[in-house]
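Asker: Let me see the structure of the following:
(one chain, ligands or ions: 2)
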Amino acid sequence: MTRYEEAKKIYAELGSDTESAIEKLREICISVHCWQGDDVGGFDSKEALSGGIQTTGNYPGKATNPDQLMSDIDKAFSLIPGKKKLNLHASYAIFEDGEYANRDALEPKHFKKWVDFAKERGIGIDFNPTYFSHPMVKDGLTLSSPDDNVRRFWIDHGKACIRIGEYFASETGYPCVINFWMPDGYKDLPADRIGPRARMKASLDEILSIPYDRTKVYITLESKVFGIGVESYTVGSAEFALSYSIANSLTPLMDNGHYHPTEVVSDKISSLLLFSEKIALHVTRGVRWDSDHVVLFDDETKEIAKEIVRSDALDRVFIATDYFDASINRISAWVTGVRNFSKALLYALLEPKNELKKLQESADFTALMVKMEALKVAPFGDIWNEFLRREGMSDDYLTEIKDYEQKILEERK
Ligand code: RNT
Ligand code: ZN
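Answerer: Ligands and ions are numbered 1, 2, ... in the order given. This next block holds a predicted model:
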């Protein structure tokens, strides 16, 4: 008997069907963020990263142009099992020689190369307007700025991004998730909290007044509790983003780094699913703050995946990754983080959820605890390795990454 066959038996005794778990996992799509490859740099300006987010580290071999980033994405994707989408930011526009468009004037043609890239690989593209790292972010504000010109600029950026997202959907044949996250906020206690939020609301209303095809484009709104330099107040707080999303039939997006440290996104998923047809996630790992560390196979990551599976919501949750580590090999960071969320999904799919639910309903909390603990020591690694094998991959991706590092990354100096 192979290790997989033995493990399959052990899981069967626990009430889980490993075959169906693996098959389901193979169909789940994860939207992989492009920005791990170049420390959220983008190609459209030389501005330092702003908006209260930060990469630290200076590992050699960062992608500095579209060709390098595409090559690194290919390398990472070749080592990530399962279905994938590419998640782009507007700052990754690719201009042909001499051409340039500011963010308020971006057009689909500035993303043609990305569309070609996606089509060649048979994948879809998700999109994000870039409301940071730009001189038009004035006093830390974009859509909530009291300055009409600043607001106008960023409203036009939002509209441009919706058109580009529609273009992605039409060209690739896959719906495009367009995520709005604005860093707007104040370092210290504001005198007026409602004013900026009212302006943000009006700006979003104006952006969303342009017609778009809701079957092709899903607009998500991401909240945040605080950022570096924006400690006291964020305009797009959880209550703002969630209320706006529900009131306007948008899709709320939760990033698990964006809450007070003892709050967990895993507990929020089920509530949102009762009020919104779709929800979206940014899967990340915050260490003491929204530090965007590489996702690990840790308890909260597992718990998030379990909540999606337990709620039968695999087709209602847009899963995207969002982390950026510049202190280790960036491709390894990409692969490790995305693989870990896949792992968490497989782990969740291996739960005998109906049986556990019954124990909860019959208030047999003793048996519930014992069974849940037994699952933790089941031979999960053998099931994961079988999934990798069926995807034509193995547990060892480090050798290939080291090889790529030597041959490609180290030449980039
Ligand atoms: C920032 C948000 C946002 C960004 C990306 C680059 O705190 O999480 O999603 O990380 O858009
Ligand atoms: Zn995020």
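Asker: can you give me how far the lengthiest helix in the chain is from the chain middle?
Answerer: Taking residue count as the measure and DSSP state H as the definition, the longest helix of the chain comes out as helix 148-172. For helix 148-172, the separation from the chain centroid amounts to 19 Å (computed by CA atoms, centre = their mean, to the nearest Å).
Asker: Stretch 327-347 near ligand 1 at all?
Answerer: No: using CB under 6 Å from any ligand atom, stretch 327-347 stays clear of ligand 1, coming no nearer than 13.1 Å. From N, CA and C alone the C-beta is placed, and that goes for glycine too.
Asker: Which parts of that stretch count as buried, going by neighbours?
Answerer: For stretch 327-347, a neighbour-count test (16 or more other CB atoms under 10 Å) marks 329-347 as buried.
Asker: Stretch 109-126 too?
Answerer: Applying a neighbour-count criterion of 16+ other CB under 10 Å, the buried positions in stretch 109-126 are 109-111, 113-115, 117-118, 123-126.
Asker: Can I get stretch 300-311 as CSV, trimmed to CA atoms?
Answerer: Listed next in CSV are the C-alpha coordinates belonging to stretch 300-311 (Å, rounded to 0.1, in the frame of the first residue of the first chain):
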residue,chain,number,x,y,z
GLU,A,300,-6.1,31.2,11.2
THR,A,301,-5.3,30.4,7.6
LYS,A,302,-6.8,27.0,8.1
GLU,A,303,-9.8,28.5,9.9
ILE,A,304,-10.5,30.9,7.1
ALA,A,305,-10.4,28.0,4.6
LYS,A,306,-12.6,25.9,6.8
GLU,A,307,-15.2,28.6,7.0
ILE,A,308,-15.4,28.8,3.2
VAL,A,309,-15.8,25.1,2.9
ARG,A,310,-18.2,24.6,5.8
SER,A,311,-20.4,27.4,4.4
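Asker: and the closest residue to ligand 2 within the stretch 301-413 of the chain, what does it touch?
Answerer: Among the residues of the stretch 301-413 of the chain, D322 lies closest to ligand 2, at 3.9 Å counting by CB to the ion. For D322, the contacting residues are 33, 255, 257, 282-284, 292, by CB atoms under 8 Å, 6 or more residues apart in numbering.
Asker: Would you mind listing what in the protein touches ligand 2?
Answerer: Within the chain, the positions lying close to ligand 2 (CB under 5 Å from the ion) are 255, 282, 322.
Asker: ok but the second one is inside a helix, no?
Answerer: To tie it back to what came earlier, the one meant is H282. No: when classified by DSSP: H, G, I helix; E, B strand; the rest coil, H282 is found to be strand rather than part of a helix.
Asker: what's the pLDDT at it?
Answerer: The predicted local confidence for H282 comes out at a pLDDT of 99.
Asker: what's it in contact with, if anything?
Answerer: Taking CB under 8 Å, 6+ apart, one finds 179, 222, 253-258, 320-322 in contact with H282.
Asker: List the ones among these that fall in strands.
Answerer: Using DSSP state E to define strands, the subset of those located there is 179, 222, 253-255, 320-321.
Asker: Which of those ranks first by neighbour count?
Answerer: With neighbours set by other CB atoms under 10 Å, the maximum within the ones in strands among the contacts of H282 is found at L253, which has 28 neighbours.
Asker: Helices of the stretch 251-400 of the chain, start to end?
Answerer: Taking DSSP state H, counting those that start in this stretch as the criterion, the stretch 251-400 of the chain contains helices spanning 269-273, 299-310, 330-349, 353-361, 365-376, 380-390, 398-407.
Asker: Serialize the ones you listed to JSON lines and add fields for mean pLDDT.
Answerer: Converted to JSON lines, the helices of the stretch 251-400 of the chain look like this (pLDDT from 0 to 100):
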{"stretch": "helix 269-273", "mean pLDDT": "98"}
{"stretch": "helix 299-310", "mean pLDDT": "98"}
{"stretch": "helix 330-349", "mean pLDDT": "98"}
{"stretch": "helix 353-361", "mean pLDDT": "98"}
{"stretch": "helix 365-376", "mean pLDDT": "98"}
{"stretch": "helix 380-390", "mean pLDDT": "98"}
{"stretch": "helix 398-407", "mean pLDDT": "98"}
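Asker: Among these, show me which one is buried the most.
Answerer: Each of these was assessed for mean neighbour count using mean count of other CB atoms under 10 Å. The highest is helix 330-349, with a mean of 25.
Asker: Need the CA coordinates for that one. CSV is fine.
Answerer: What follows is helix 330-349, C-alpha atoms only, in CSV (Å, rounded to 0.1, in the frame of the first residue of the first chain):
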residue,chain,number,x,y,z
ARG,A,330,10.5,36.5,-4.0
ILE,A,331,9.5,33.5,-6.1
SER,A,332,9.8,31.2,-3.2
ALA,A,333,7.7,33.7,-1.2
TRP,A,334,5.0,33.6,-3.9
VAL,A,335,4.9,29.8,-4.1
THR,A,336,5.1,29.2,-0.4
GLY,A,337,2.2,31.6,0.4
VAL,A,338,-0.2,30.4,-2.4
ARG,A,339,0.6,26.7,-1.7
ASN,A,340,-0.2,27.3,1.9
PHE,A,341,-3.6,28.6,1.2
SER,A,342,-4.2,25.6,-1.1
LYS,A,343,-3.1,23.4,1.7
ALA,A,344,-5.5,25.1,4.0
LEU,A,345,-8.3,24.5,1.6
LEU,A,346,-7.4,20.8,1.3
TYR,A,347,-7.2,20.6,5.0
ALA,A,348,-10.7,22.1,5.2
LEU,A,349,-12.1,19.8,2.5
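Asker: what helices or strands is it leaning on?
Answerer: The criterion is 3 or more CB pairs under 8 Å, 6 or more residues apart in numbering; DSSP states H and E, and the helices and strands that helix 330-349 contacts are helix 18-27, strand 29-33, helix 66-78, helix 299-310, strand 317-321, helix 380-390, helix 398-407.
Asker: Look up the pLDDT of H89 for me, please.
Answerer: 98.
Asker: closest to S232 out of the helices and strands packed on helix 330-349?
Answerer: Nearest to S232, of all the helices and strands packed on helix 330-349, is helix 299-310, at 26.0 Å by CB to CB.
Asker: So which residues make contact with the closest one?
Answerer: 256, 264-267, 269-270, 281, 283, 285, 295, 314, 317, 319, 340-341, 344-345, 347-349, 351, 353, 357.
Asker: how about a cut-off of 7 Å?
Answerer: Where contact means CB atoms under 7 Å, 6 or more residues apart in numbering, the residues beyond helix 299-310 that reach it are 256, 264-266, 269-270, 283, 295, 314, 317, 340-341, 344-345, 347-349, 351, 353.
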